[in-house]
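[1] Here is my input; please provide its structure:
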Amino acid sequence: MKAWLCGLDDEEISSVSSILTFIGIEHGTSLTAFHLPEFVVLGSAVQTFELDEIIPVISLSDSMDVLADGNVWFCPLPWRSQPLSSVLKEIQRLHTFPQASGVNLNLHVRHLEALLIRQALVSTQGVVSKAALSLQIQRTTLIEKMRRYNIDKSEF
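    Numbers count the residues shown, from 1 in each chain. Modelled structure (predicted):
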């Protein structure tokens, strides 16, 4: 399983990260680090949250406005073993069934496109013209797509 940590302060990151690492869940603070995480963990300071994709949300606050079509659990820190375990089991169960709303093709195409751009940049050590050549697109098109997906060539 993969989790995206969004809006957590340093103390929350430390606490949540140690628990997720202990139970074997890959996690990070950058959404682009994952193809598509199985769930999102929101910091207690996050008051409102909007997401295009149906992804379960675990909020560290007691309540908030969530503008997403998914399941939301409020699990303030410190996390207890039993409630967290039941939430994670429910999230796993959700992913074994097809989503009722179908697949958001545009979102998946954008994720795939960003992934392929990153792979091309890694294989060319960040040289945009070579990456564009390997992707069989114009260099200016690649630059525009990198801007759209917030990909910086200096990362590679």
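
[2] When you work out contacts or count neighbours from here on, use the C-alpha atoms and nothing else.
    Fine.

[3] Start from the N-terminal end of this protein and give the helices.
    According to DSSP state H, the chain carries its helices in the segments 10-22, 81-96, 105-123, 128-135, 139-148.

[4] Return the most buried member of those.
    helix 128-135 (a mean of 18; mean count of other CA atoms under 10 Å).

[5] List the contacts of it.
    Ile117, Ala120, Leu121, Ser123, Thr124, Gln138, Arg139, Leu142, Ile143, Lys153 (CA atoms under 8 Å, 6 or more residues apart in numbering).

[6] min pLDDT across the residues you listed, which one?
    Minimum pLDDT across these is recorded for Lys153, with 82.

[7] Now do the contacts for the spatially closest residue to that residue that is not a sequence neighbour.
    Once flanking residues are discounted, Lys153 sits nearest to Gly126: 5.2 Å by CA to CA, 6 or more residues apart in numbering. Listed by CA under 8 Å, 6+ apart, the contact partners of Gly126 are Lys153, Ser154, Glu155, Phe156.
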